[in-house]
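1. sequence first, then the predicted structure, then my questions.
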Amino acid sequence: MSCQIRSDKFNLVLPEVLRENKVDMWIVTLQEQAYDPLYEDLGRGYPASMLGFYVFTDRGGDRIERAALGISGYMLEECGVYDIVTGPDLAAFVKARDPKRIALNYAEEIGAADGLSHSSYQKISKMLGEPYVSRFVSAEKLVSDFRSRRVATEIAAFSEAAQHSVELAERALSNEVVTRGQTTLADVAWWMQEELLKRGLGSSFDMPSVYVTGPKGNEGLSNDRVIQGGDFVSIDWGVCLMNFCTDVKRQAYVLKAGETAPPAGHRHAFAQAMKVREVIKRVARPTGSADSMLKTVEAGLSAAGFSVMKTFNQPYGGESTDVMVGMHSVGNTGHGAGPSMAFFNPRRLTYELKPTNMISVEFFAYTPIPEWGGAKLRVPIEDDAILTSRGIEFLHPHSTRLLVIK
């Protein structure tokens, strides 16, 4: 499956993103014990000497030339996506092609595009010399485009990972795992970790975030806090499979003795969050910059009667439901490299949204509840989706209800 994904990306996405970014050659280094973040994307392999290089050259035509210089290995060679697998004479290779702009993996914000170490940069500079050193440019935007524009096989693989995420999160917030008054937040997190090991899966963010939200904020995070009746418990986590990592949340109310359903205020707060998501689904489209679309989404929320927050975790007073939107890129890592409609990804806010971009539909809705004397309950919603010409299409069953722990 990974080989098919790689083939599709090289054939369908790579020519498009190299030419859009006006890059003639893209060089990615492979150093033993310090593999580039794109190691899995580009085909794995083993460097035969100090450094190996994945080199992609636009020589015209319908496809990009792919070379693995000084890199070998069964998985790389059996996949068959490289035209050239040979020795590490990078200087002769580059001189023969004489590229005008050479992209290297150094970046200001996006970690996936920042795999080139300082010493490796010095070595490449020494190997190539002038005039090629003067032609180096950052691959930051190129990497963002390459990773975030998805082919069908990627969507299928990501969806499989997402199914695991949702299933395990919802089981974790049930009486299968939680016994009121006995189970700790850490117990829940460790149960989830054990399930990952059983299934051979990885985790997006190390330990799952399992926390209780109260009138004054979070009251514990994957620690020895015992889950009690009346608690509003949330999980934020992701599952990694085949070089894809998800990012989802789920919430549950823990019934007090004698209760048969969550209180009316809790149910209303969750229902308000569902209304927020409907507005986002109705408005969001893959057009323009992420920043301009975020403003469009916020305008839609305001028109629907919600208050758009300016600062995270600082809701307004009054009876309104206050909303903070943080719809970030998702895909190969829990927080992806693509355009993001999120305040915490300032560079990626400037990137243009495209169909097939995967996003986490993440937001926080704060609604006053009588159970807390009018204090606002924060309902954090997050599910993974893809942007299409029709708008937001979810890649797994999204959250529809407040889970209940008896």
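-> Looks like it came in fine.
2. which residue ranges of the stretch 201-350 of the chain form strands?
-> Taking DSSP state E, counting those that start in this stretch, the strands of the stretch 201-350 of the chain run over residues 202-203, 209-214, 217-221, 232-237, 239-241, 244-245, 248-254, 307-308, 322-327, 341-342.
3. in CSV, list these along with mean pLDDT, mean neighbour count and distance to Pro99.
-> Placement of C-beta: from N, CA and C, glycine included. What follows is those, written out as CSV (pLDDT from 0 to 100; neighbours: other C-beta atoms under 10 Å; distance: least, C-beta to C-beta, whole Å):
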stretch, mean pLDDT, mean neighbour count, distance to Pro99
strand 202-203, 96, 17, 36
strand 209-214, 98, 20, 44
strand 217-221, 92, 15, 49
strand 232-237, 98, 24, 42
strand 239-241, 97, 23, 34
strand 244-245, 98, 27, 31
strand 248-254, 98, 24, 41
strand 307-308, 98, 16, 46
strand 322-327, 98, 22, 36
strand 341-342, 96, 26, 34
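4. minimum distance to Ala112: which of those has it?
-> Of all the strands of the stretch 201-350 of the chain, strand 244-245 sits nearest to Ala112, with 11.6 Å by C-beta to C-beta.
5. all the helices of this structure, residue numbers only.
-> For the chain, helices defined by DSSP state H occupy the ranges 2-8, 14-20, 39-42, 74-79, 90-97, 118-128, 140-148, 152-172, 185-199, 264-283, 290-303, 346-349.
6. pretty sure Arg149 sits against Glu16.
-> Yes - with the criterion set as C-beta atoms under 8 Å, Arg149 and Glu16 qualify as a contacting pair; they are 7.3 Å apart.
7. so between these two, which is more surrounded?
-> It is Arg149, of Arg149 and Glu16, that has more neighbours when counted by other C-beta atoms under 10 Å, with 20 against 14.
8. ok, the more buried one - contacts?
-> 13, 16-17, 338, 354, 356-357 (C-beta atoms under 8 Å, 6 or more residues apart in numbering).
9. hmm, back to that, got CSV for the helices of the chain, with mean pLDDT and distance to Val210 too?
-> Formatted as CSV, the helices of the chain follow (pLDDT from 0 to 100; distance: least, C-beta to C-beta, whole Å):
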stretch, mean pLDDT, distance to Val210
helix 2-8, 97, 31
helix 14-20, 98, 38
helix 39-42, 97, 28
helix 74-79, 95, 36
helix 90-97, 97, 48
helix 118-128, 97, 39
helix 140-148, 98, 29
helix 152-172, 98, 7
helix 185-199, 98, 5
helix 264-283, 98, 18
helix 290-303, 98, 29
helix 346-349, 96, 28
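10. same list (these) but as a markdown table, adding distance to Lys406.
-> As requested, those are arranged in a markdown table below (distance: least, C-beta to C-beta, whole Å):
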| stretch | distance to Lys406 |
| --- | --- |
| helix 2-8 | 42 |
| helix 14-20 | 51 |
| helix 39-42 | 42 |
| helix 74-79 | 48 |
| helix 90-97 | 64 |
| helix 118-128 | 56 |
| helix 140-148 | 42 |
| helix 152-172 | 15 |
| helix 185-199 | 15 |
| helix 264-283 | 15 |
| helix 290-303 | 34 |
| helix 346-349 | 42 |
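11. please identify the most buried of those helices.
-> Comparing the helices of the chain on average neighbours per residue, with mean count of other C-beta atoms under 10 Å, the densest one is helix 140-148 at a mean of 25.
12. quick one: that one to helix 152-172, angle?
-> Our comparison of helix 140-148 with helix 152-172, counting by axes from the mean of the first three to the mean of the last three C-alpha atoms, to 10 degrees, yields an angle of 70 degrees.
13. tell me the centre residue of the protein?
-> Relative to the mean C-alpha position of the chain, the nearest C-alpha, by C-alpha atoms, centre = their mean, is the one of Val330, at 2.3 Å.
14. for it, give its distance to Gln122.
-> Taken as C-beta to C-beta, to the nearest Å, the spacing of Val330 relative to Gln122 amounts to 34 Å.
15. what of Asn218?
-> As judged by C-beta to C-beta, Asn218 and Gln122 stand 45 Å apart.
16. please apply the same query to Val308.
-> Spatial separation of Val308 from Gln122 under the definition C-beta to C-beta is 47 Å.
17. partners of the closest residue in space to Ile84 that isn't next to it in sequence in the sheet?
-> In this structure, Ile84 finds its nearest non-sequential neighbour in Ala67, 3.9 Å apart by C-beta to C-beta, 6 or more residues apart in numbering. Under the criterion DSSP bridges, Ala67 forms beta bridges with Val55, Ile84.
18. do the same with Asn218
-> Applying DSSP bridges, one finds that Asn218 bridges with Thr213.
19. wait, doesn't it sit right on Ser209?
-> No - with contact taken as C-beta under 8 Å, Asn218 and Ser209 are classed as non-touching, separated by 9.5 Å.
20. got any residues that touch both of these two?
-> Taking C-beta under 8 Å, 6+ apart as the criterion, Asn218 and Ser209 do not both touch any residue.
21. would you put the C-alpha positions of stretch 180-194 in PDB?
-> Coordinates of the C-alpha atoms in stretch 180-194 are reproduced here as PDB (Å, rounded to 0.1, in the frame of the first residue of the first chain):
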ATOM      1  CA  ARG A 180     -16.800   5.600  38.500                       C
ATOM      2  CA  GLY A 181     -14.900   6.400  41.600                       C
ATOM      3  CA  GLN A 182     -12.100   4.000  40.900                       C
ATOM      4  CA  THR A 183     -10.600   4.500  37.400                       C
ATOM      5  CA  THR A 184      -8.000   7.300  37.000                       C
ATOM      6  CA  LEU A 185      -7.300   9.400  33.900                       C
ATOM      7  CA  ALA A 186      -4.000   7.600  33.700                       C
ATOM      8  CA  ASP A 187      -5.700   4.200  33.700                       C
ATOM      9  CA  VAL A 188      -7.700   5.300  30.700                       C
ATOM     10  CA  ALA A 189      -4.600   6.600  28.800                       C
ATOM     11  CA  TRP A 190      -2.600   3.400  29.600                       C
ATOM     12  CA  TRP A 191      -5.500   1.200  28.300                       C
ATOM     13  CA  MET A 192      -5.400   3.100  25.100                       C
ATOM     14  CA  GLN A 193      -1.600   2.700  24.800                       C
ATOM     15  CA  GLU A 194      -1.900  -1.100  25.400                       C
END
